[in-house]
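Novice: Show me the folded form of this:
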Amino acid sequence: MFQGETNIDNVTGTPLNDFSRTAGSAEGEPLVNPIPQDQPTGSYNASEDQKDLDVLEPRITSYDFLVNDADISGGTAPTSGEITVEADYNYYTAENLTITVEDSGGLDVTDSVIDESNQSKNGNTVQFDINIDALDTGEQYSVTLDGVEDLDFGEASVTDTFTVASSDDVSLNLESDEVVQGENVNFDIEGSVEGNYHLVRIAGADAVDNSSMADIFRDVGDTAATGAFKGGQTNFNPENTSQAWAVVEIDGGVGTGSINTGALTDDDIDVEVLGTVTNDDNDWNTTVHTLSPGVDNLDDEDSATLTVTEGTVTLDNPSDFYVPGSSITVNGTTSAGVDTVYLYARDQGDYEPVSIEGDDHGIDVTNDEFEVEDVSLTEDGWDGNNILSFPGTYRFAVVAEEDGSGGSGTNQLTTSQVADNVSHTITLRVTDAELEADTSFVNGMLADGDGVDVSGVATGSDEVDISVIGSRGYFGHQTSSVDAAGTFEENNLRPDGLAQGSAVLLVTTDGRDDQYGDSGEADLYGQTSALGTSWSDGSNGGLTLQQALEVFNSSTVGASGSDDQIQTFNFRYTDAQTTVNTVQDENGVNGMVGLGNEMTVEGMTNRQTDSAVITVEVIDGPSSDQFDVPSTEDWGADGQWSVSLNTSDMEPGTYTVEASDGDSSDIMEFELTEDEIGTDTPADTPADTPADTPADTPADTPADTPADTPADTTEGQDGPGFGVAIALIALVAAALLAVRRNN
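Specialist: Sure, this is the predicted structure:
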């Protein structure tokens, strides 16, 4: 019995409802008429009559739409002949199988295309013949198989389609008629019978070279085999011409294949589809090469022209210059189909390969883009790297390698090879390593206990050395790393142990040759060990400042053939010093402030902005306790600071203001008056003005005053040597000696 059967009263004389389920969740449940479509399957028993039966699910177990023994279900049928619909089903003892054919609009055309009297049945197998000549070309039809009465549900019924070909002609259709070299192009073969195999070919002359010929057709889609015939007269090749070929099967009405244009020249390429081929032993290579045109159905069926254009590659970076040893990003874009790009450099001869990461100079292309970060073009020592290791102007090329084309790698390329390949060349200027540095010295001084900030650009270097040489031979050192952008920065460097007085800060790099001086060593202290070993070690054997500078000079920038880079900064290491210079209002008369006007207090300091805060307080006067107490930590390299105070509602009188940085302070008197302040008002009363008291005013002490240090001594000085630095220090020493003699 089958689920869904009706009109069954008894089974061999035993009423249907005498049979009950023998096991499972429905054990003991009797059968009823009609049998439900969801009746539990399995064994049923009529115990009194000792009879058993099984309830099964009705199913069509298999089916095919056959044309010349090939199944075209879901595919394409020829324009004439017959389609044999063959099906196997398990309910053949219960019902016959029926067939329904409908067009794409749902119109039943069964009677016009099938003579059911010709139905063939052999046990559980049934066949129907569909007359294709009665169908419309280019139309899709659906075929439904199910039971003739009740069994037309679930797996007892199947529906599938076929499409009648638009014509008897086999056609070849390209996915795109024009592509960039390196792209893959799919093609379809239509209008043939399901299951047929067709030969597709391209002339070998269209290949980039003989070695690429076998790579023209890709083994994808419905492609059964690919190959190439590179010469020799055979049945297949009577004209002794090279050819690339593919065997493509018609599956689902269409045979799909693919062409790798990276193996083709940039030209107009003819793609041909030939007649059907058969192969009994599945050795397609032997089969194809023994085919005979005109005998084995190898007439041309159709052809299409594929235009292959040259691909492109664009180098975005580097674009104009490069500093040997510097780490940069190399990037750019390509047209579709490029898998890898390679870098080359040229001086006078051929293009030489440039390695960027050890043993390989290829860069993978992803989504038509390539990029490698933080790489050196001079590090690995290949011939191209060596070219770029010296200053000069060179040609730099990125050369594309398309999938399957080969031709790029570790070998040199001629200018013609680079021009013929997909490439982009630029003029690249290679310049010496550059060094620019700046410091946070304030007015040419560093207060004892403060630290100095040093920053700058050192293109082409991995690190810079920061050194301090003091007036009594002190030598300190700090190494600073250079980032990928070529910048460096060290903050709050404290020369602990440095004696007060004149000193020099030096920023150095070992140049393009990666060595200090001419010793072959990149370690600065392999050259200057006599000066000390660390930033805080001032022991150097008692050398004077000039002697220490000479030692440093001879070991670095002053050595024969040295390309070391240097920036020097002269400064004074002295006590913390903050002064008040002016107290005035908008009238600009020092020491005089109109009542109610905004009062500005200005002064000088040698403190670092990240080490001190200057606080200004009115400490004496009729309303001193009513003034605000402002502060500032904002001043520049000239050390000039300024704050403002409100004088409204204050009492007139004489006041004293104090500025303090926490370690040093200064005071100044001023007059808060209701009188009009004019430009003829005496501004400086000797007894009241700190500036008129030499003994008490820091500005009058040459050794401690920013004015004693020439303003241009804080600027970085380039070059191999210390002539300017030593001369400036000598001038300072002479001035100090003159002061002592005058005293």
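
Novice: what about the strands in the stretch 301-450 of the chain?
Specialist: 313-317, 321-322, 327-334, 338-346, 352-353, 362-364, 369-376, 392-402, 423-430, 436-439, 445-447 (DSSP state E, counting those that start in this stretch).

Novice: what residues does the second one touch?
Specialist: Read it as strand 321-322. Applying Cβ atoms under 8 Å, 6 or more residues apart in numbering, the set of residues contacting strand 321-322 from outside is 328, 377, 388, 428-431. (C-beta placed from N, C-alpha, C; glycine too.)

Novice: returning to what we had before: got TSV for the strands of the stretch 301-450 of the chain, with mean pLDDT and distance to Tyr655 too?
Specialist: Below are the strands of the stretch 301-450 of the chain laid out as TSV (pLDDT from 0 to 100; distance: least, Cβ to Cβ, whole Å):
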stretch	mean pLDDT	distance to Tyr655
strand 313-317	94	63
strand 321-322	88	61
strand 327-334	91	60
strand 338-346	90	73
strand 352-353	92	78
strand 362-364	88	73
strand 369-376	90	61
strand 392-402	86	69
strand 423-430	93	64
strand 436-439	94	38
strand 445-447	96	28
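
Novice: Out of these, flag the one nearest Ala87.
Specialist: The minimum distance between Ala87 and the strands of the stretch 301-450 of the chain falls on strand 338-346, with 49.0 Å, by Cβ to Cβ.

Novice: Next, name the residue at the spatial heart of the protein.
Specialist: Centrality entry for the chain: nearest residue to the mean C-alpha point is Glu371, 6.0 Å, by Cα atoms, centre = their mean.

Novice: wouldn't it be in contact with Asn331 here?
Specialist: Yes - with the criterion set as Cβ atoms under 8 Å, Glu371 and Asn331 qualify as a contacting pair; they are 3.8 Å apart.

Novice: what's the closest residue to Ala87 other than its chain neighbours in contact with, if anything?
Specialist: Leaving aside its chain neighbours, Ala87 sits nearest to Tyr63 (4.1 Å; criterion: Cβ to Cβ, 6 or more residues apart in numbering). If you count contacts by Cβ under 8 Å, 6+ apart, Tyr63 has them with 73, 85-88, 145, 158, 160.

Novice: In the stretch 401-550 of the chain, where is pLDDT below threshold?
Specialist: 401-410, 473, 519-542 (pLDDT under 70).

Novice: now do 90
Specialist: Applying pLDDT under 90 to the stretch 401-550 of the chain flags the ranges 401-412, 416-423, 431-434, 458-463, 469-479, 482-486, 495-499, 509-550.

Novice: in it, which spans are helices?
Specialist: Counting by DSSP state H, counting those that start in this stretch, the segments of the stretch 401-550 of the chain that form helices are 415-420, 524-527, 545-555.

Novice: Gly262 is nearest to which of the ones you listed?
Specialist: Comparing the helices of the stretch 401-550 of the chain by their distance to Gly262 (Cβ to Cβ), the top pick is helix 415-420, with 14.8 Å.

Novice: Can you give the distance from that closest one to the centre of its chain?
Specialist: Relative to the mean C-alpha coordinate of its chain, helix 415-420 is positioned 29 Å out (Cα atoms, centre = their mean, to the nearest Å).

Novice: And the contacts of that helix?
Specialist: For helix 415-420, using Cβ under 8 Å, 6+ apart, the contacting residues are 344, 346, 350-351, 397, 399, 407, 425.

Novice: got those residues as CSV, with distance to Thr98 and neighbour count columns?
Specialist: Putting these into CSV (distance: Cβ to Cβ, whole Å; neighbours: other Cβ atoms under 10 Å) gives the following:
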residue, distance to Thr98, neighbour count
Tyr344, 74, 25
Arg346, 79, 21
Asp350, 79, 16
Tyr351, 76, 27
Ala397, 73, 26
Val399, 68, 24
Gly407, 65, 17
Thr425, 74, 17
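
Novice: picking that back up, the residue nearest to Ala87 belongs to a strand?
Specialist: Yes - under DSSP: H, G, I helix; E, B strand; the rest coil, Tyr63 falls within a strand.

Novice: I'd like the distance between it and Thr100.
Specialist: Computed as Cβ to Cβ, to the nearest Å, the Tyr63 to Thr100 distance reads 13 Å.

Novice: again with Asp54
Specialist: Distance, Asp54 to Thr100, using Cβ to Cβ: 30 Å.

Novice: Among these two, which residue is more densely surrounded?
Specialist: Here Asp54 and Thr100 are set side by side on neighbour count (other Cβ atoms under 10 Å), and the busier one is Thr100, at 15 against 10.
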